[in-house]
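Enquirer: With the input below, show me the fold.
(chains A and B)
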2 protein chains.
Amino acid sequence: MTDDGTGGRIEGDLPVESATDAAARIEAGDVLGISGFGSVGYPKLVPEALAARGDAAALDLTVISGGSVGPEVDEALVESDAMARRYPFIGHEALREAINDGVIAFHDRHVAGVADEVRFGGLPAPDWAIVEAVAVGEDWLVPSPSVGSTPTLVDAADRLVVEVNAAQPRDLEGLHDLLVRAAPPGREPLALDAVDDRIGSTRIDFDPGKLAAVVHTDRADTTYTFRDPTAVDRALADQFAGFLDAELDRNPAFADSLNLQFGVGSVGNAVVSALDAVDLGAGDVAYFGEVVQDAVLDALDDGTLAAASATSLALSDEGQDRLFANLDRYAEQVVLRPVDVSNDAGLIDSFGVIAVNGAVEVDLTGQVNSTHIGTDVVGGVGGSGDFFRAALLSVVALPSTAAGGDISRVVPRVAHVDHTEHDVDVVVTDQGVADLRGLSPRERMRAMLDVAHPDFREALTEYHEQALERGGHTPGGFDLAAEWPPDDAT
Amino acid sequence: MTDDGTGGRIEGDLPVESATDAAARIEAGDVLGISGFGSVGYPKLVPEALAARGDAAALDLTVISGGSVGPEVDEALVESDAMARRYPFIGHEALREAINDGVIAFHDRHVAGVADEVRFGGLPAPDWAIVEAVAVGEDWLVPSPSVGSTPTLVDAADRLVVEVNAAQPRDLEGLHDLLVRAAPPGREPLALDAVDDRIGSTRIDFDPGKLAAVVHTDRADTTYTFRDPTAVDRALADQFAGFLDAELDRNPAFADSLNLQFGVGSVGNAVVSALDAVDLGAGDVAYFGEVVQDAVLDALDDGTLAAASATSLALSDEGQDRLFANLDRYAEQVVLRPVDVSNDAGLIDSFGVIAVNGAVEVDLTGQVNSTHIGTDVVGGVGGSGDFFRAALLSVVALPSTAAGGDISRVVPRVAHVDHTEHDVDVVVTDQGVADLRGLSPRERMRAMLDVAHPDFREALTEYHEQALERGGHTPGGFDLAAEWPPDDAT
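Expert: Sure thing, here's the model as predicted:
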């Protein structure tokens, strides 16, 4: 092992150079496949150096990541006009604005599909993979705190730049279970014996001829900050706990064990609170999802969760410190996989996952908007569709209002449909539970009125009555939807 | 073997009785799980006898089938007011009217999900399975020309009535590959080595205590009628052939073999015509889909297709005669599976399927409506969503207009979203090909204008320009959508 001053993170005689020199290798029009998911594990110095190039505005770059990345990419490359296209998710306000202004072309994709799309014509093939790692050798690297689509992006790219980050522990290797899926047709379905089963490698192998540059960094990821639960968060958690308790009683699928996926933030906290409140029986409870957040660590620590499978560590400062300081212990329970494995439809089906995800808004028939406020995109569909579709039970959990109560999240018709009524089983808000399973659209509309905030229930009821007068299987109309929100809603 | 006059179709001392006596066993409020998919293989005499009961209008039945069934169910039980709820698909005009009038509660579901939903709380558990078979014994039956969700419905039901149909060949058994999936969590992903691989049984086994009645029938299924291709159909086929030819050239996934799914009717005929027109190379081409229609038989006969996997035989009279007369030969190439296997996301992914499905209408950003005309439902989402989501390449193929050219099928905003822009890769009409992969919503809108019929292009362009003035990632608005169709469109 060659220790070059970064703690044995670089093995062999590798082309170490400055970020500026590495960035100088990129040509105008290039497609960059970058590491990163859940705003961690993305390259930082090379994108910043690209943004600092004198010709940045002429670079016309396409950037494909696993998921969300930080400002060194999605602010620096936007403000320097270096980026023309971006897939599959928006992680920063500067990028969001440029996309909504029509300056950068963006199409959000189900994140589980990106690896295949890069290889089989859905998205442009990457010229470069730019990858953050905690260690690198002549023909291998160990990703940092997220996996995302990195294994496939490295495999598909012509050339490779590795940012070796000394601010993250070398032993993150112990969490990884990495592979590049075989190509269809005829590839084997993925199979895991348990949520924490391992079927891959702890490293990404690559053709040594690809490695163009290795760059040192010790820049930390921007960690998540979580606000304290509000009264609405607590009411949402209580409603979800009531639902989960009843469901565990009545559903034979959850008699012996329970596998859960849930999103970051108040939804995740609500689910974890609910786990404390309900009788889980003797069986194991595991997280089979996309991101390990603080609430997942807490639940692992207190024994509520037996294991966690994800593609990213979306942690607070405190959570990151706790995980980094106890990697050996967490490596026994936490597995980080490529997102085309963590979010694979066959595996989600196999584990009979209960998926609990937030949304921007839900309409009366159960159509879900996860991406848009009006005509503006917020982030992207991410992995929500991967789980909504393949889960045994799909739950939308969201506060009944937004903007401090001024806007109802239960609406006559969503501004953009990201998940259809065919994929949504249950809607939970701070106001109640709408179990939509088996209900016709007319029945769904009735059930959804009960989970709306009282301030908007009268206006929604009025819409409902007007829609019913129109008749049809799914009563409504664009003209009625255009009248929402009513002037006197609150 | 006991030959009781129906050609050795009933083995053992079974409770043979009249349809009227069998129907008398059903009680008000019962949930019936019935066989049937693609309008074949459904029970005929017992539903008719139920409809003829004096108390039919008080029966308040819930009926769950695999997919589409014929008038003996969806007309007789509707006109007698015996049916209160229906899942997951509409196969007959009488049922459609009752649903759109709000008389019968209906929710269309992805057909691959119905088996799990029946077992795990998404749909009501069946009191009865009423199943058409070509043979039955004390603890087994052989389904007739469709499988659908029959294995699971038989497994989940408390009691069983079997209609043994002498109008269908006993040797249909040779096509079947039947199983009930294990329960999650922890079930193995489904795996097939080839499209015509077999992993199940040719019979459905059941607890002999469930068998309440066996009813004789020789009522044939209502076969499909196919119209001759129109000029629009031929133009659609030409456009699709041009696209497929280019895609096979550029996409490495299809270099060695090709697995296709396509729907019934003009879309299916277009795909099969295209297969004749393009260079398929030396590799095998197979059908991994939902229904075997005449075009699939033709392609098997002339060697274009090597194998076909489906859940139903949706054939014309001629096609049915041809298949029934050559069952030994077709059994080597054709496999009929439960719809939760034929449409399984993991298998569709494994085979790298190109899915080609029709739609009612598509909007400028690629959102697809497969189910509604305005507020009225037409049929249901069926298996289109199973394939759109899991396919390696998802193609919507539809004529650019409906109603003899009076209505554009390319619209500003679809009346109902069944498949989102995240799941749709390419739109083909008789006017052209819109390859939407990698395009932002604004770019998609521009590309979709080119596949609209020239009669509507000006009006759509005007909408497009107005939408762009609004700005945002996905320009538009309900008020603009409400102005469609324009008065002077044609």
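
Enquirer: wait, what's in contact with the closest residue to chain B within the stretch 101-250 of chain A?
Expert: Of all residues in the stretch 101-250 of chain A, residue A:184 sits closest to chain B, at 2.7 Å by CB to the nearest CB. Heads up, the C-betas are built off the backbone N, CA and C, glycines and all. Counting by CB atoms under 8 Å, 6 or more residues apart in numbering or on different chains, residue A:184 touches A:116, B:253, B:349, B:350, B:351, B:352, B:392.

Enquirer: Run through the stretch 201-350 of chain A and note the low-pLDDT ranges.
Expert: Residues of the stretch 201-350 of chain A that meet the criterion pLDDT under 70 lie in A:282.

Enquirer: Give me the contacts around the longest helix along chain A.
Expert: For chain A, the longest helix by residue count, based on DSSP state H, is helix A:231-250. Helix A:231-250 has contacts (CB under 8 Å, 6+ apart) with A:229, A:254, A:258, A:266-267, A:269-271, A:273-275, A:277-281, A:354, A:356, A:393, A:395, A:397-401, A:426, A:428-433, A:435, B:121.

Enquirer: Weed out the non-buried ones from the residues you listed.
Expert: Applying 16 or more other CB atoms under 10 Å in any protein chain shown to the contacts of helix A:231-250, the neighbour count classes A:254, A:258, A:266-267, A:269-271, A:273-275, A:278, A:280, A:354, A:356, A:393, A:395, A:397-401, A:426, A:428-433, A:435, B:121 as buried.

Enquirer: Could you report the pLDDT at residue A:2?
Expert: Per-residue pLDDT puts residue A:2 at 42.

Enquirer: other SSEs contacting the longest strand belonging to chain A?
Expert: Ranked by number of residues, the top strand in chain A under DSSP state E is strand A:128-136. Counting contacts by 3 or more CB pairs under 8 Å, 6 or more residues apart in numbering or on different chains; DSSP states H and E, strand A:128-136 packs against strand A:31-34, strand A:140-143, helix A:150-156, strand A:159-165, strand A:211-217.

Enquirer: Not counting sequence-adjacent ones, nearest residue to residue A:471?
Expert: Among residues not flanking residue A:471 along the chain, residue B:375 sits closest, at 6.7 Å (CB to CB, 6 or more residues apart in numbering or on different chains).

Enquirer: next one: residue A:92
Expert: Nearest non-adjacent residue to residue A:92 (CB to CB, 6+ apart): residue A:74, at 3.7 Å.

Enquirer: How about residue A:159?
Expert: Leaving aside its sequence neighbours, residue A:159 sits nearest to residue A:212 (CB to CB, 6+ apart; 4.6 Å).

Enquirer: my guess is that neighbour meets residue A:21, correct?
Expert: No. Checked against CB atoms under 8 Å, the pair residue A:212 and residue A:21 is beyond contact range at 10.0 Å.

Enquirer: Which one of these two is surrounded by more residues?
Expert: The neighbour comparison of residue A:212 against residue A:21 (other CB atoms under 10 Å in any protein chain shown) goes to residue A:212, with 18 against 14.

Enquirer: Let me see the contact set for the more buried one.
Expert: Residue A:212 touches A:15, A:22, A:25, A:128, A:159, A:160, A:161, counting by CB under 8 Å, 6+ apart.

Enquirer: how about 7 Å then?
Expert: A:15, A:25, A:159, A:160, A:161 (CB atoms under 7 Å, 6 or more residues apart in numbering or on different chains).

Enquirer: Over to residue A:47?
Expert: Here residue A:47 is in contact with A:72, A:73, A:76, A:77 (CB under 7 Å, 6+ apart).

Enquirer: Show me which residues of the stretch 251-400 of chain A are close to chain B?
Expert: By CB under 7 Å from any CB of the partner chain, the residues of the stretch 251-400 of chain A that approach chain B are A:251, A:253, A:257, A:259, A:345-346, A:349-352, A:367, A:372, A:374-377, A:381, A:385, A:389-390, A:392.

Enquirer: Could you list which of those belong to strands?
Expert: Members of those lying in strands (criterion: DSSP E): A:259, A:372, A:376, A:377.

Enquirer: Include secondary structure, distance to residue B:336 and pLDDT when you put the contacts of residue A:47 into CSV, please.
Expert: Output for the contacts of residue A:47, formatted as CSV (DSSP: H, G, I helix; E, B strand; the rest coil; distance: CB to CB, whole Å; pLDDT from 0 to 100):
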residue, secondary structure, distance to residue B:336, pLDDT
A:72, helix, 55, 97
A:73, helix, 50, 98
A:76, helix, 57, 98
A:77, helix, 53, 98
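
Enquirer: Of the residues you listed, just say which sits nearest to residue A:318.
Expert: Distance to residue A:318, by CB to CB, is smallest for residue A:72 among the contacts of residue A:47, at 22.9 Å.

Enquirer: what about the strands in the stretch 51-200 of chain A?
Expert: Remark: strands assigned in the stretch 51-200 of chain A by DSSP state E, counting those that start in this stretch are A:61-64, A:83-87, A:105-106, A:128-136, A:140-143, A:159-165.

Enquirer: Please work out which of the ones you listed is packed deepest.
Expert: Using mean count of other CB atoms under 10 Å in any protein chain shown, the stretch among the strands of the stretch 51-200 of chain A with the largest mean neighbour count is strand A:128-136, at a mean of 28.

Enquirer: Return that one as CSV; C-alpha atoms alone will do.
Expert: This file holds the C-alpha atoms of strand A:128-136, laid out as CSV (Å, rounded to 0.1, in the frame of the first residue of the first chain):
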residue,chain,number,x,y,z
TRP,A,128,-16.8,10.9,-17.9
ALA,A,129,-17.5,9.4,-14.5
ILE,A,130,-16.5,11.8,-11.7
VAL,A,131,-16.8,9.9,-8.5
GLU,A,132,-16.1,10.6,-4.8
ALA,A,133,-14.4,7.8,-3.1
VAL,A,134,-12.8,7.0,0.3
ALA,A,135,-10.1,4.9,-1.4
VAL,A,136,-8.9,4.1,-4.9
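
Enquirer: what pLDDT, on average, does that strand get?
Expert: Averaged over strand A:128-136, pLDDT sits at 98.

Enquirer: and the angle from it to strand A:211-217?
Expert: Calculated by axes from the mean of the first three to the mean of the last three CA atoms, to 10 degrees, strand A:128-136 forms an angle of 60 degrees with strand A:211-217.

Enquirer: follow-up on the earlier one: please tell me how far the residue nearest to residue A:159 sits from residue A:29.
Expert: From residue A:212 across to residue A:29, the span is 17 Å (CB to CB, to the nearest Å).

Enquirer: re the thing from before, need the contacts of residue A:212 in a markdown table (columns: pLDDT).
Expert: Below are these laid out as a markdown table (pLDDT from 0 to 100):
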| residue | pLDDT |
| --- | --- |
| A:15 | 97 |
| A:25 | 98 |
| A:159 | 98 |
| A:160 | 98 |
| A:161 | 98 |
